[in-house]
Each structure stands twice: as C-alpha cells, then as structure tokens.
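# Show me how the following folds:
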Amino acid sequence: MLRACAVAVTVGSAALLAAGLVGPTAVAPPVAGPTAGLDLPATVLADVAAYRAPRRAAVVVATVLGVVVPLLVARIIAGRGGGGGRWAGAAAARLRRFAPPATVAVVAGGTVLLTAVARLPLGVWAGVVQDGRWGFRTASVGRWFADRVLLIGGEVLLVALGAAAVTLLVRRRPDGWVPRLVLGVALTGPLLLALHPIVVHGLLLPTGPLPPGAHRDAIAEVVARSDVDVPVLVGRASLRTTRPNAVATGLGPTARIVVYDTLLELPPSRAAAVVAHELAHVERRDPLRAALAPVPFVAVGGLLVRRLLGASTGGADGPRPRGPSLPPVRRLALVAVLVLAVEAAATPVVAGLTRANELRTDVRAVELTGDAAAHVALLHDLVSERLTDPAPPRWYELLVVTHPPPSVRARAVSGAAHVSATR
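Model (predicted):
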C-alpha cells in the first residue's frame with residue numbers, strides 16, 4: 001500500500017511537471033538583430049555590458065563552487081584527499097559521540113555552510129559593491145549582511161534537518177525508506193511553500209494592502225479577468241533595492257502575489273502587466289509544480305542510492321565490493337554531500353525548464369491584460385532601468401539563466417498579441 005501511494009505520488013508529480021512544458025509559445029516572426037523590438041540606444045547597451053559582463057563571471061564561478069566544494073568534502077569523507085583522509089578520520093572519531101542522524105546533519109549542513117562561505121566574497125562584490133555603485137542597493141551594508149546570515153542560516157538548517165530525517169529513516173526502515181522518503185518530500189514541499197510568505201516575507205519583506213489609486217485599479221482589473229482569486233499585496237522592497245519585481249508565493253490560504261513597492265513607481269499599465277505574469281503562474285499552478293518537482297527525481301535517486309548502499313554492505317541488493325568499505329555513517333554522509341553536488345550540477349537543466357515555462361506564462365499574461373504594448377514597454381524597462389542583458393551569450397543562457405532574454409520575450413509577447421488578434 002505504501003509503495004503504491006509513493007508510485008502514485010511520483011507519477012502525479014511527474015505529470016504535473018510535464019504539464020508545465022505544454023502550452024502555446026507563439027512567437028512573432030524573427031526580426032534582424034538581437035535586440036530588435038526593444039529600440040535600445042547604444043548608451044543603454046554600453047551600460048548593460050559594463051554591469052553584466054563581470055557579473056556573468058561571478059555567477060559562473062559561484063555555480064562551479066556549488067559543485068566543487070561538495071565534491072571536495074566528499075573526497076575527504078571517502079578518505080581520498082591525502083591528509084584530508086586522516087582529517088576525516090579524526091573528525092569522524094569526534095562525531096561518534098553523536099547519533100548517526102546528528103552526524104550526517106552536521107556534515108550536510110556544514111557543506112552548505114562551506115559553500116556559502118566560499119561564495120560570500122562574490123556575493124559581497126555583487127550585492128554590496130557593484131549594486132551600491134550602480135544605485136540598486138538601498139540597504140545598509142549591515143542589513144545586507146544580516147539578510148545573508150538569515151538566508152544562509154535557513155538553508156543550512158533545512159539541509160541539516162532533512163539529512164537527519166533521511167538518515168533516521170534509512171536506519172529504521174532499511175527495506176522501505178524510499179517510498180516513505182518520496183511521500184515525505186511530497187508533503188514537505190507544499191508545506192514549505194505554504195510557510196514561505198509567513199516566514200521568509202515576515203522576516204525580509206514586510207507586506208500590506210495595495211494603496212488606493214490608479215495602480216490598484218489597474219491591478220484589480222487584471223485580477224478580475226483571471227481564473228484564480230488571490231490577494232495582491234505590496235511589500236516594502238525599497239528598504240533593500242530599487243529594482244521593481246513581484247512574486248507569486250504561498251499555497252491555499254497563504255497564496256498571494258506580492259508586488260514590490262518599487263513596482264508602483266512604474267506606470268499602472270506596466271505594473272498590471274507584471275501582476276498578470278504572476279497571475280498566469282498561479283493559474284498554471286507553477287508554485288505547486290515547483291514544490292513537487294523534486295519528487296520524481298527523489299524517487300529515482302532514492303532507488304539508485306538504495307542499491308548502492310545495499311551493494312556497499314554486501315546485502316541482497318548487490319555483492320560486497322573488493323577492498324575496505326566506509327563505515328555506515330560515513331557512507332550516508334558521503335551520499336548526502338554528493339546529492340548537494342548533483343543538485344548544483346543540475347542548474348542548467350532546471351534553468352532550461354524554467355525558461356520554457358516563462359515564455360508560456362508571458363503568452364497568458366498578454367491575454368489577461370490585452371495590452372501587448374505594456375509588456376514590451378516593461379521589457380524595455382528591464383533593460384534600461386535594471387540593466388538586464390537583452391541578449392546574453394548563448395552559453396551563459398544555457399548554463400544559468402532562468403528567464404528568456406528580453407529580446408526573446410518581446411517577440412513572444414508580440415506573437416501572442418498577433419495570434420489573439422487573428423482569432
């Protein structure tokens with residue numbers, strides 16, 4: 001019964017994930033030039049290049065560190081890091097007084113912390129120095145560091161608790177931990193989504209009702225056309241940044257769209273276009289899809305790990321390997337760290353899926369507003385005001401970019417309007 005439920009949840013989550021890749025992506029006929037349709041002056045493109053080129057290098061280095069640091073820790077745990085092997089043995093001896101779940105939690109959480117520390121100089125340069133120089137940062141340096149501590153601490157805590165829970169499950173249910181893990185992930189993802197606006201926004205983005213005026217009227221008109229009914233709140237993002245944005249978050253009673261107060265500095269039609277985009281995400285159940293997306297990968301990965309663990313212990317799932325094997329707790333810690341490395345290495349795959357979904361969301365957003373010009377003007381603002389790269393290098397886009405370039409989105413928006421007009 002438990003396995004049947006896990007299979008059903010896995011299939012359902014995979015179907016929901018696949019459904020996000022289905023939908024219209026009408027694109028206008030290609031126009032010559034990578035920024036065609038946005039009418040960008042040379043001075044803006046020069047500013048974009050000056051701002052984005054060094055950030056691209058920083059992002060690539062940060063992505064590589066997300067893979068390299070866990071792999072180095074894994075090498076030490078496996079005892080293949082020269083002196084690191086002796087260090088791992090000494091550390092393991094000190095950790096023996098803790099229960100195995102606590103030991104694996106310390107290793108996994110510590111790896112996340114090491115990765116964050118390795119990336120911190122890049123974050124300081126990008127978030128404090130460069131954003132301050134270009135006028136995007138409004139928070140003090142102290143507040144910026146306090147935010148980083150909260151975000152890193154939360155990630156370390158979540159990973160540590162997850163590693164401890166999985167270790168406890170593996171040890172107590174050696175023959176049935178995979179379906180239990182699948183069901184646990186299927187419950188935990190939506191729970192974290194439901195808590196996100198309460199916990200994260202409660203700490204970092206205080207929210208309140210939209211003030212009366214033209215912006216609220218334009219947003220209310222778009223919400224009325226939507227197939228979903230979610231509240232739209234305003235968050236005090238101006239405490240930290242000048243960039244306009246909005247986000248769809250929460251689940252069930254906590255579902256909401258939070259617009260940055262900086263968004264209200266744009267014309268009402270453009271603010272409504274942003275909200276329409278987020279409403280399209282809610283209509284397409286993208287927040288829930290993101291919360292359940294790990295389930296099928298956890299199911300497949302869990303089966304592989306179970307087989308590997310069985311083989312390493314000489315159990316029924318496989319033969320005993322030649323040579324010495326690691327103690328059980330170190331094997332579990334090694335698996336936890338390798339999972340972190342694989343997750344970071346999967347960044348291009350996740351980015352590719354997200355880009356495809358964003359285009360489909362843009363198409364629906366144009367249908368909600370009926371104003372393609374406002375969407376194109378908004379994309380123009382992304383480049384001229386936020387210095388978003390209108391056409392980044394293809395290798396960089398494939399590696400980490402989660403949203404299509406504004407030039408591509410402008411053609412998709414124009415194509416959606418053209419298709420709508422000919423119906």
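# looking at it, Tyr51 is touching Arg133, isn't it?
No. The criterion here is Cβ atoms under 8 Å, and Tyr51 misses it with Arg133 at 9.3 Å. C-beta: built from backbone N, CA, C; applies to glycine.
# Looking only at neighbour counts, state which of the two leads.
With neighbours defined as other Cβ atoms under 10 Å, Tyr51 and Arg133 compare such that Tyr51 has more, 18 against 10.
# Let me know the helix or strand that the more buried one is in.
Using DSSP states H and E, Tyr51 sits in helix 42-77.
# how long is stretch 384-398 end to end?
23 Å (Cα to Cα, to the nearest Å).
# quick one: it to chain centroid distance?
In terms of Cα atoms, centre = their mean, to the nearest Å, the centre of stretch 384-398 is found 18 Å from the chain centre.
# Do you have the helices of the stretch 201-350 of the chain handy? List them.
Along the stretch 201-350 of the chain, the stretches classed as helices by DSSP state H, counting those that start in this stretch are 214-225, 268-283, 286-292, 294-312, 328-345, 347-369.
# ok, residues contacting the first one?
The contact list for helix 214-225, computed with Cβ atoms under 8 Å, 6 or more residues apart in numbering, reads 210, 229-230, 232, 259, 264, 268-269, 271-272, 275-276, 279, 368-369.
# got the contact list for Leu17?
Residues in contact with Leu17 (Cβ under 8 Å, 6+ apart) are 289, 292-293, 296.
# One more: Gly208?
Each residue near Gly208 by Cβ under 8 Å, 6+ apart is listed here: 233-234, 236.
# change it to 7 Å
By Cβ atoms under 7 Å, 6 or more residues apart in numbering, the contact set of Gly208 is 233-234.
# Just grab the bridge partners of it for me.
Per DSSP bridges, the residues bridged to Gly208 are Val234.
# where does the protein have its least confident helix or strand?
For the chain, using mean pLDDT, DSSP states H and E, the weakest element among its helices and strands is helix 83-95, scoring a mean of 58.
# Not counting its neighbours along the chain, what's nearest Arg55?
Leaving aside its chain neighbours, Arg55 sits nearest to Ala126 (6.0 Å; criterion: Cβ to Cβ, 6 or more residues apart in numbering).
# With Arg148 instead?
For Arg148, the spatially nearest residue (Cβ to Cβ, 6+ apart) is Gly123, at 6.6 Å.
# The one you found - how many residues pack around it?
Neighbour count for Gly123, taken as other Cβ under 10 Å: 16.
# ok, now Pro393?
12.
# ok, for it, nearest residue in space, not its chain neighbours?
Using Cβ to Cβ, 6+ apart and skipping residues adjacent in sequence, the residue nearest Pro393 is Arg56, 7.5 Å away.
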